[in-house]
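Q: Fold the following for me, if possible:
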Amino acid sequence: MSLKGKNPVTLDHLSLRGNNIRYYILPDSLNLETLLVEDTPRVKPKKPVAGKPVGRGRGRGRGRGRGRGR
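A: Below you'll find the model as predicted:
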C-alpha cells in the first residue's frame with residue numbers, strides 16, 4: 001500500500017470503511033483473461049403477467065392515522 005507522500009508499505013490484509021480507495025493496481029502476473037470471462041449468459045427476470053397493479057411508492061394514503069393513541 002502506498003499513501004500520498006509516504007513510502008510504500010507491504011500488508012497481509014487491510015480493512016477500509018467508506019469510499020476511501022481511489023484506485024487499485026493489479027500485478028502484471030495476474031492472468032485477467034481467465035479471471036474475467038463469464039461462461040454462462042445472465043438470464044433476465046421475467047416481468048409479472050397481468051394481475052393486481054403494484055404500487056409505485058406513493059405512501060399509505062390518507063386513511064386512519066397511525067400512532068399516538070388516537
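Q: Any stretches of this structure with poor pLDDT?
A: Low-confidence segments of the chain (pLDDT under 70): 50-67, 69-70.
Q: can you give me the helices in it?
A: Along the chain, the segments classed as helices by DSSP state H run 32-35.
Q: which stretches of it form strands?
A: Counting by DSSP state E, the chain yields no residue ranges for strands.
Q: and residue 10, what is it in contact with?
A: residue 1 (C-beta atoms under 8 Å, 6 or more residues apart in numbering). To be clear about C-beta, it is placed using only N, CA and C from the backbone, and glycine gets the same treatment.
Q: Go through stretch 32-49 and flag the buried ones.
A: Using 16 or more other C-beta atoms under 10 Å as the test for burial, stretch 32-49 gives no buried residues.
Q: now stretch 7-14, how far from the chain's geometric center?
A: A distance of 25 Å separates the centroid of the chain from that of stretch 7-14, by C-alpha atoms, centre = their mean, to the nearest Å.
Q: Please consider this matter closed, and thank you.
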